[in-house]
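> Any chance you can model this:
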Amino acid sequence: MVLWLLLLQVWGTCLWLGHCELVTSFPCSYCPFFFWNTPPNNALEPDNPAWICQRYKNRYHYATLYDRDLRIPVYSAYMYQPGPGRRPTPPWMLEPQLINQTYSKDMDTEENLMKKYKVSKEQIKQTQTVDEDYGNLTDLERGHLNPSGHQNNPNSRIATFTLTNIVPQNRELNQGAWRNYEEQTMAQNNQFCKLTFVIVGAVPGNTYIASGRVNVPSHIWSAACCKTTTHMKTWAGIARNDEDQVEILTLGELEARLGPLYKRGSVLLFHKSCPRK
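Here you go, the predicted model:
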């Protein structure tokens, strides 16, 4: 019964308020990707934020808090629903409403945006990361916060291939320990979970790519909260973005670690009902 009430509360928020996908804050009425509709507190909020309800093919797939100045996501929040199927290889997409809030609500490619709205690449580059920013990298590569493998249908997987969901991630970490965390640790911890909410984030660092346009995070982190048949369950992990190692933590330990890293006060990632130990 509790689970059904939770589902009704979460999905019911889609049915009222709001029509734009670039919003002034979370929770967004039609972006139900936070446990009990409770996003992280403002200790993660950057100076120039954008709250994006990530939409593709007329459907919402996850939520992203984006840093307009550093041109990386602060975090992406989604429901963990892995399923069978291959990793897609779509063209990288952008968020039209970061250019102009009257533009399409669906993510789209740079080429399509330039044709449809007669905007230049330079105009797009003023608002967000573009594909060429990730060219000619050596030790870094595009790292998903919301990975395609955590989604259970083709469109949800494709929707993760937007540059507002991507950070410059250490190549060895992305292909090594972080992939193991995404594929193995998440699956192991998710046993007996009925509904799992995940938030994956990046701590801003002191270096940049693309001639200073895109920040390289110092750390990548992940936290999950789920409801089993008998209790609430949480787990978390964090990795330095310059080594191939993930440290497994409790939710409370991760929140305590993130506070000094973001330097904006105490961090709360989930609703208080999610256990911290």
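> check contacts around the nearest residue to residue 49 once chain neighbours are set aside.
Closest residue in space to residue 49, ignoring its immediate chain neighbours: residue 65 at 6.0 Å, by Cβ to Cβ, 6 or more residues apart in numbering. C-beta: built from backbone N, CA, C; applies to glycine. By Cβ atoms under 8 Å, 6 or more residues apart in numbering, the contact list for residue 65 reads 26, 39-40, 44-46, 49-52, 73-75.
> Show me which of those has the smallest pLDDT value.
Within these, pLDDT reaches its minimum at residue 26, with 75.
> On the three-state scheme, that residue is what?
Three-state call for residue 26 (DSSP: H, G, I helix; E, B strand; the rest coil): coil.
> Please look at it and residue 62 and confirm they touch.
No: the criterion here is Cβ atoms under 8 Å, and residue 26 misses it with residue 62 at 11.6 Å.
> what about the two, which has more around it?
Per other Cβ atoms under 10 Å, whichever of residue 26 and residue 62 has more neighbours is residue 62, with 26 against 21.
> ok, and the closest non-adjacent residue to that one?
Using Cβ to Cβ, 6+ apart, the closest residue to residue 62 is residue 78 (3.7 Å).
> what is the residue nearest to residue 49 paired to in the beta sheet?
residue 51, residue 75 (DSSP bridges).
> rewinding a little: intersection of neighbour lists for residue 26 and residue 62?
residue 77.
> So residue 220 sits against residue 178, correct?
Yes: proximity of residue 220 to residue 178 meets the contact threshold set by Cβ under 8 Å, at 6.5 Å.
> between those two, what contacts are shared?
By Cβ under 8 Å, 6+ apart, the residues touching both residue 220 and residue 178 are 143, 169, 239.
> Pull the residues that contact the helix or strand that contains the last one.
Secondary structure assignment for residue 239, by DSSP states H and E: strand 232-240. Contacts to strand 232-240, defined as Cβ under 8 Å, 6+ apart, come from residues 173, 177-178, 181, 185, 189, 193, 218-227, 245-251, 253-254, 257, 270, 273-276.
> So, low pLDDT: which residues of the stretch 151-277 of the chain?
Within the stretch 151-277 of the chain, not a single segment meets pLDDT under 70.
> mind listing the helices for it?
Applying DSSP state H, counting those that start in this stretch to the stretch 151-277 of the chain gives helices spanning 154-159, 171-175, 177-180, 186-189, 251-262.
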